[in-house]
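Participant: Got a predicted structure plus its sequence, pasted below:
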Amino acid sequence: MQHKILQTHIQVYDKAEELSDSWQALLAKARQALDSSYAPYSNFYVGAALLLEDGQIVSGSNQENASFPLCLCAERVALSSYHAQFQGRKIVAIAITAKNPKFVIAEPVSPCGACRQALSEEEFRQRQPIQIILQAETGPIYVLDSIQALLPLSFNPQFL
Ligand SMILES: [Zn+2]
């Protein structure tokens, strides 16, 4: 028997000012997207923003529904908007933020399993990794070079 050890590399920044200007702007757009979040049931607001190769930013926010399985995550709302309007340009990075009006979230909130899979598919489609930038309402900023860091041994179209 052998052991396979998987490692995740995360760059950790203490504050947004340590990021490049374009990443700061992207994170700010994700924060702005919180304003369009519809989360009356969970009170968990999520904003996401995609940076495209030409500098365009496409944002999305979570959209809940009284029929809970219909709830949409911010990441996949942003991806859907991107495909409807800007497909053909590569996605360079995604910034994701979240807030809860009941308490301050001080640790980065990472994408759910479904969104990890969706981002993995995007990377496969464009044959280029997408950087992931995570910060909650406050606290450290995590930067990952690819969704593969959060989805090791991922299922992908090569199996089909
Ligand atoms: Zn999700």
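Facilitator: In hand now; what should we look at? Numbering: from 1, shown residues only.

Participant: Return the per-residue confidence for the nearest residue to Phe44 once chain neighbours are set aside.
Facilitator: Nearest residue to Phe44, sequence neighbours excluded (CB to CB, 6 or more residues apart in numbering): Asn100, at 5.5 Å. C-beta coordinates here come from the backbone N, C-alpha and C atoms, glycine included. Asn100 is assigned a predicted lDDT (pLDDT) of 96.

Participant: quick one, what contacts the residue nearest to Ile105 when sequence neighbours are not counted?
Facilitator: Of all residues not flanking Ile105 in the chain, Ala136 sits nearest, at 3.8 Å (CB to CB, 6+ apart). Taking CB atoms under 8 Å, 6 or more residues apart in numbering, we find Ala136 in contact with Thr97, Ala98, Lys99, Val104, Ile105, Ala106, Glu107, Pro108, Val109.

Participant: Counting neighbours, which of those comes out on top?
Facilitator: Thr97 (27 neighbours; other CB atoms under 10 Å).

Participant: I'd say it and Arg31 touch.
Facilitator: Yes: counting by CB atoms under 8 Å, Arg31 is a contact partner of Thr97 at 5.4 Å.

Participant: Any residues of the protein in contact with the ion? List them.
Facilitator: Residues of the chain lying close to the ion by CB under 5 Å from the ion are Cys73, Cys112, Cys115.
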